[in-house]
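next come a sequence and a model predicted from it.
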Amino acid sequence: MQNETVIAGFGGQGVLFLGKVMAYAALFEDLKVTWFPSYGPEMRGGTANCTVVISDEEIGSPQVKNPKAIVVMNRPSLDKYEHMVAPGGYLVINTSMVNRKATRTDIHVLEIPSVELAEELGDKRLANTIILGALNEKAKFLKKESLLKGLEESLSHGKKDLLEINKKAMEKGAAYITTQ
């Protein structure tokens, strides 16, 4: 079993954080994992993406050609990455920041107004965690318990006060996608 996920957007959207949560979750399941971040020199607003590869065997490379899932947090990311999703894979679109539909018909497209859903919880910065909850609810790449532990580990360094609201965001994303 090997699952690859590319998460793309711009700096400040929590792209790298989302990948880190997935990576920690995979470690909690005793799986092999690579987390490969890439970002522009800007602190906020520049491009950001990361690739997470999860496997029960050794991983040959942290780079992937046709990932099973791609999360796009903004329109430039959709334009750049849509064609790369493996047939039958998942394309998760943050419709709060993307004003066009996917063109592919051979993949599962999950459209999530993540910023609006995050604002319902009181903080638009939760959009990334909402996306993670939705993706995992459909793709089942990782156990929910492992993701929650990954979330806890990712927030353990001075941000523990954000754990409960991020758990709620993950649950909100999962609940949203089950009604679609």
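Nice, thanks for sending it over.

for Glu164, give me its contacts.
The contact partners of Glu164, taken as CB atoms under 8 Å, 6 or more residues apart in numbering, number zero. (Glycine included, C-beta is placed from N, CA and C.)

what's the helix or strand for it?
Assigned by DSSP states H and E, Glu164 belongs to helix 163-178.

run the chain-centre distance for that helix.
Relative to the chain's own centre, helix 163-178 is displaced by 13 Å; criterion: CA atoms, centre = their mean, to the nearest Å.

any buried residues in it, and which?
Across helix 163-178, burial judged by 16 or more other CB atoms under 10 Å covers Ile165, Asn166, Lys167, Lys168, Ala169, Met170, Glu171, Lys172, Gly173, Ala174, Tyr176, Ile177.

buried residues in stretch 62-73?
Of the residues in stretch 62-73, Val64, Pro67, Lys68, Ala69, Ile70, Val71, Val72, Met73 count as buried by neighbour count, 16+ other CB under 10 Å.

give me the low-pLDDT residue ranges for the protein?
Applying pLDDT under 70 to the chain flags residues 40-46.

residue boundaries of the helices in it?
Per DSSP state H, the chain carries helices over the ranges 15-28, 75-81, 114-120, 127-139, 144-154, 163-178.

ends of stretch 83-94, how far apart?
Its first and final residues considered, stretch 83-94 spans 17 Å by CA to CA, to the nearest Å.

residues making contact with it?
Contacts of stretch 83-94 (CB under 8 Å, 6+ apart): 6, 9, 65-74, 78, 82, 102, 104, 106-115, 127, 131, 134-135, 138-139.

now do the same contact list for Lys167.
Contact analysis of Lys167 by CB under 8 Å, 6+ apart lists Leu148, Leu151.

and the closest residue to Leu142 other than its chain neighbours, how many neighbours?
Nearest non-adjacent residue to Leu142, counting by CB to CB, 6 or more residues apart in numbering: Ala25, 4.7 Å away. By other CB atoms under 10 Å, 28 other residues sit near Ala25.

quick one on the thing from earlier: can you tell me which of the helices of the chain is most buried?
With neighbours defined as mean count of other CB atoms under 10 Å, these peak in mean count at helix 127-139, which reaches a mean of 25.

tell me the angle it makes with helix 163-178.
For helix 127-139 against helix 163-178, the angle by axes from the mean of the first three to the mean of the last three CA atoms, to 10 degrees is 50 degrees.

now do the contacts for Glu82.
Ile70, Val72, Leu91, Ala102, Thr103, Arg104.

right, I mislabeled it, should have said Phe141
By CB under 8 Å, 6+ apart, the contact list for Phe141 reads Asn3, Thr5, Met22, Ile54, Lys68, Ala69, Leu135.

give me phi/psi at it?
When read as degrees, to the nearest 10, the backbone of Phe141 gives phi -70, psi -30.
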